[in-house]
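Student: Give me a model of this one.
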Amino acid sequence: MKWPACVLSVIVLILCNTLPTYPSQLKGQFLNSKDRLKESPSIGRDTPDQKSPFTATVEEGNDGAAGTVDISGRWEGTAHHRDEGVTADIIFEITQDGESVTGMWTSPGAYPTKCGFWIGDIRGSVQEGKFTFTASDPVKDLDTCEIECFGTIDATLTVKSESEMAGGGQGVFCLDGEVYDIDFSLTRAASIKSFTFTGYHDDTTKGFALFQATTRMVDKNPLAGGLIRFDASEVCKAEGPCNCDFGWEFDGGELLFFDGAQDKPVARFLESRAYNITLTTVSECVENNHALQKTIDLTLLPGDLIFIRTPGWTGPFDLADESYTHVGMYVGNDEMIEATSRRAHGTSRTGVHFSPLRGWAHPIEPFATAFRVKGATTDQREKAVNFAIDMAQKDRAYDMNVFSKQLYGKSYYCSELIWAAYYHAAGIDLGRTGPLTSIPVHPDTILRDTNQLTFIGGHWEHYAPQLRAGGAIGQIIQLLLSDK
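Tutor: Numbering: from 1, shown residues only. Predicted structure coming up:
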């Protein structure tokens, strides 16, 4: 590899260095939603072996709303068993296409056992203000939780208004054929759809043409330490002139700010684990609160590699057509191992040392991409991690000679350490530079070996400075993601 002469002395001093840590200037506060958060069950769905035939009936003399009424959305209320005097909470999730209605109904209070909730299917129609339907009712063996049979409920509800309907019908208990009377009372709730998340980018990344094709992959695969923007603008669609209030719980994540409104928070998650994000919507039109959950898995495996491009250290790398300025290895327990000549990432150590994963987070590191060594077994990754740990425990110094490499030495630069760890563990030659000490291995050298890396995720909040068009980084990432 030939390097511009004017760059050599500068790169020797800064390769694998990062800026000292500095406090985040982004501030925000959580919504006080704990007092209004209502537990919402995770609703599954059993598929009946067969459906009972549907027979529509319309009662005369009832003053329901005239014409066909769209009852799509979420309805909550009660089902009352007249004979036994038992009342159960119920939820109807309804989709209406013209007069045809399908959906799912759930009774969170029924079967409080390991078998979960009472869940069934709805098929019916709405005509002249009447919602007539047949609901399947799966009956489970409470010991094995296997479905034994499907009962049915045939009922007609009067749509009294845009937000209320009530009525009743008869059910058939499938095990013994018992017929029972049942009444329903339902109130329309805020329509719950889903909320989404993407990476949060500033204009330097959004407008950079080389990344436009691949930014979406990073958005769908976030990395611990990055900024994640949630969007709940389509979640709460209350009927009429109703407004929704949004409460967010981030399971230990940090809310930084709202990107315009409460339905678009931006948060940061610093640990390598899965987070359960809870959104609570409160509508002035309904009495009950409603909660949605989404899991974001930011788990890293020991042996994973994180490449970063740190603002303030990019100039000589750009001149040499290099992109990433540093690389480190995740070793578990929210810790990294890296080799630096300066203190960085929340530690005062230099050379080969441990550093906290949170030190690799935004805003200290606003451009990071994680990869996993393709084909490496769990045992091989463990050996690579143990090699890196051993070098840190032996206080190996920083290797200032970035124009060569060594497998077993008294000093290492960042990518040299990564290469040596995997070469020692399994003979995996990251960058395919071979064992010759005269050939160096830099972060981009490893990245160019696309056949040995699998993309995990990343966070690209900022790209500074703008790399000139045709630089290596865009080509590298596009190759790595080409099969995704």
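Student: Residue 85: neighbour count?
Tutor: As a burial measure, residue 85 scores 7 neighbours (other C-beta atoms under 10 Å). In this view, the C-beta of every residue, glycine as well, is placed from N, C-alpha and C.
Student: Could you tell me what pLDDT the model assigned to it?
Tutor: Listed pLDDT for residue 85 reads 76.
Student: Check the one 3 residues further on too.
Tutor: The confidence metric pLDDT takes the value 79 at residue 88.
Student: could we number from 8 for the rest of this?
Tutor: In the new count, where the first residue is 8, that last one comes out as residue 95.
Student: Check the burial of it by counting its neighbours.
Tutor: By other C-beta under 10 Å, 15 other residues sit near residue 95.
Student: Correct me if wrong, but residue 392 is in a helix.
Tutor: Yes - assessed by DSSP: H, G, I helix; E, B strand; the rest coil, residue 392 belongs to a helix.
Student: ok now do it, which residues does it touch?
Tutor: Counting by C-beta atoms under 8 Å, 6 or more residues apart in numbering, residue 392 touches 309, 310, 336, 338, 339, 344, 428.
Student: Now, of these, which are buried?
Tutor: With burial judged by 16 or more other C-beta atoms under 10 Å, the buried subset of these is 309, 310, 336, 338, 339, 344, 428.
Student: I'd guessed the fifth one sits against residue 310; true?
Tutor: No - Residue 339 lies out of contact with residue 310 (C-beta atoms under 8 Å); the separation is 9.0 Å.
Student: circling back: so which of the buried ones among the contacts of residue 392 are in helices?
Tutor: In this view, those that belong to helices under DSSP state H are residue 428.
Student: now, which of the buried ones among the contacts of residue 392 sits nearest residue 258?
Tutor: residue 339 (20.4 Å; C-beta to C-beta).
Student: so where's this protein uncertain?
Tutor: Along the chain, the model assigns pLDDT under 70 to residues 8-75, 115-126, 149, 196-201, 210-224, 243-249, 290-297, 320-327, 471-491.
Student: remind me, longest strand of it?
Tutor: Using DSSP state E to define each element, the chain has its longest strand at strand 154-168.
Student: Direction included, what does that one pair up with?
Tutor: strand 137-147 (antiparallel), strand 171-179 (antiparallel) (DSSP bridges).
Student: Indicate which one of those is closest to residue 412.
Tutor: Per C-beta to C-beta, nearest to residue 412 of the strands paired with strand 154-168: strand 137-147, 62.6 Å.
Student: JSON lines for the contacts of residue 392, including distance to residue 237?
Tutor: Putting the contacts of residue 392 into JSON lines (distance: C-beta to C-beta, whole Å) gives the following:
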{"residue": "309", "distance to residue 237": "29"}
{"residue": "310", "distance to residue 237": "30"}
{"residue": "336", "distance to residue 237": "30"}
{"residue": "338", "distance to residue 237": "30"}
{"residue": "339", "distance to residue 237": "28"}
{"residue": "344", "distance to residue 237": "32"}
{"residue": "428", "distance to residue 237": "36"}
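Student: Surely residue 405 is in contact with residue 423?
Tutor: No - Residue 405 is not in contact with residue 423 according to C-beta under 8 Å; the separation is 9.9 Å.
Student: between the two, which one's more packed in?
Tutor: Neighbours were counted for residue 405 and for residue 423 using other C-beta under 10 Å; residue 423 has more, 26 against 22.
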